[in-house]
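Undergrad: following is a predicted model, sequence given first.
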Amino acid sequence: MTDADRFEDVVKTRREESFAEFDDQHRGLFGRFHHALHATPSLVPLIVLVSALAVFGIVLGEKFFSPFAMTLILQQVQIVGVLAAAQSLIILTAGIDLSVGATAVLCSVVMGQFTFRYGLPPVAAVACGMAVGTLIGAANGWLVSRMKLPPFIVTLGMWQIVLAANYLYSSNETIRAQEIETEAPFLQFLGLKLQVGGATLTLGVVLMLVLVLVLAYALRSTAWGRHVYAVGDDPEAAKLAGVNVHRTLMSVYMLVGFICALAGWVMIGRFGSVSPSATTGVIGNIQSITAVVIGGISLFGGRGSILGAFFGALIVGVFELGLRMSGADPQWTYLLIGVLIIAAVTVDQWIRKVTA
């Protein structure tokens, strides 16, 4: 390389650095804030969560920040938190799963019925419940990936099928907490409590936290995670880049089915009993989608984080507990959550529009 070539390279580099510096200087506070939101999607729900904690802390005082209140929030959101983690994976691929709640309830019923009807050891019954959840996820994934059916339609139909199968298989029979505690306490394993510095946590809460951290790492630091984002952002471009779209979607839907089974096990630990008519089968889908949307995961796929969905679930829990402790009408909770959902989608559209 000649001296002239070296000089030209240096000039070109200096010019690019100058333009970058000029752009940063003139981006302004608003531009830098927008860039931060685009680079860190979980920042918005984190800001909302901290603000909600601060407001309720000021209004309610120390009792809101007591170990009991903080752990109560975690215990209230443990089921929704696990389902939100599952829903996040589907929405990151630009899909949606309306069957997560029903799948969780069916898996809990399978765990209970296999133990008490067929006499299987509780450990084996729990494993069978995990297998059923994974198979349901595989069926959803195959219909979406191979048959090219819309995820909304597939999971809406699966929701109805699983709900019907749940009632038909169980004959709408509830297994009471006393029976489980006496004959098969392992089914309630995730309801065991731990004392952590004055706070009381259940193993279900610990499972939720570990699941969120593991999925966050997998999505951020593994090839599989990059493939999930790529498929959600543009499946055709991902295919051209060498990503096996079918295998990625199948892995996501099967993992989601497995996580729903975990949520079913958490339900048994949380409520103590196995009930085919648990409300999670109906409202779990909406609750998980609410947490994901408030958590900043884009419904268009390819952008967001599991941590954001976790923050979204905590936001709902904080509002519910804070309003209850302040003696407000419970309907205010629904009103505020509705406002947060619309605001979250508006912020997502703004980030995408400005970025484009």
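TA: Cool, got the structure.
Undergrad: contacts and neighbour counts: CA atoms only from here.
TA: Noted.
Undergrad: so what's residue 145 closest to, chain neighbours aside?
TA: Leaving aside its chain neighbours, residue 145 sits nearest to residue 246 (5.6 Å; criterion: C-alpha to C-alpha, 6 or more residues apart in numbering).
Undergrad: so what's the residue count around that neighbour?
TA: 17 (other C-alpha atoms under 10 Å).
Undergrad: what is the helix or strand hosting it packed up against?
TA: If you go by DSSP states H and E, residue 246 is part of helix 245-271. Applying 3 or more C-alpha pairs under 8 Å, 6 or more residues apart in numbering; DSSP states H and E, one finds that helix 245-271 contacts helix 67-92, helix 100-116, helix 122-145, helix 203-221, helix 223-233, helix 235-240.
Undergrad: out of the ones you listed, which gets nearest to residue 307?
TA: helix 203-221 (6.7 Å; C-alpha to C-alpha).
Undergrad: and the closest one with helix 245-271, angle?
TA: 160 degrees (axes from the mean of the first three to the mean of the last three C-alpha atoms, to 10 degrees).
Undergrad: quick one on the thing from earlier: can I get the helices and strands packed on helix 245-271 in a markdown table with mean pLDDT?
TA: Formatted as a markdown table, the helices and strands packed on helix 245-271 follow (pLDDT from 0 to 100):
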| stretch | mean pLDDT |
| --- | --- |
| helix 67-92 | 93 |
| helix 100-116 | 96 |
| helix 122-145 | 98 |
| helix 203-221 | 96 |
| helix 223-233 | 95 |
| helix 235-240 | 94 |
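Undergrad: same list, those, but as JSON lines with distance to residue 162 and mean neighbour count please.
TA: Output for the helices and strands packed on helix 245-271, formatted as JSON lines (distance: least, C-alpha to C-alpha, whole Å; neighbours: other C-alpha atoms under 10 Å):
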{"stretch": "helix 67-92", "distance to residue 162": "16", "mean neighbour count": "25"}
{"stretch": "helix 100-116", "distance to residue 162": "6", "mean neighbour count": "29"}
{"stretch": "helix 122-145", "distance to residue 162": "9", "mean neighbour count": "21"}
{"stretch": "helix 203-221", "distance to residue 162": "24", "mean neighbour count": "18"}
{"stretch": "helix 223-233", "distance to residue 162": "26", "mean neighbour count": "20"}
{"stretch": "helix 235-240", "distance to residue 162": "29", "mean neighbour count": "14"}
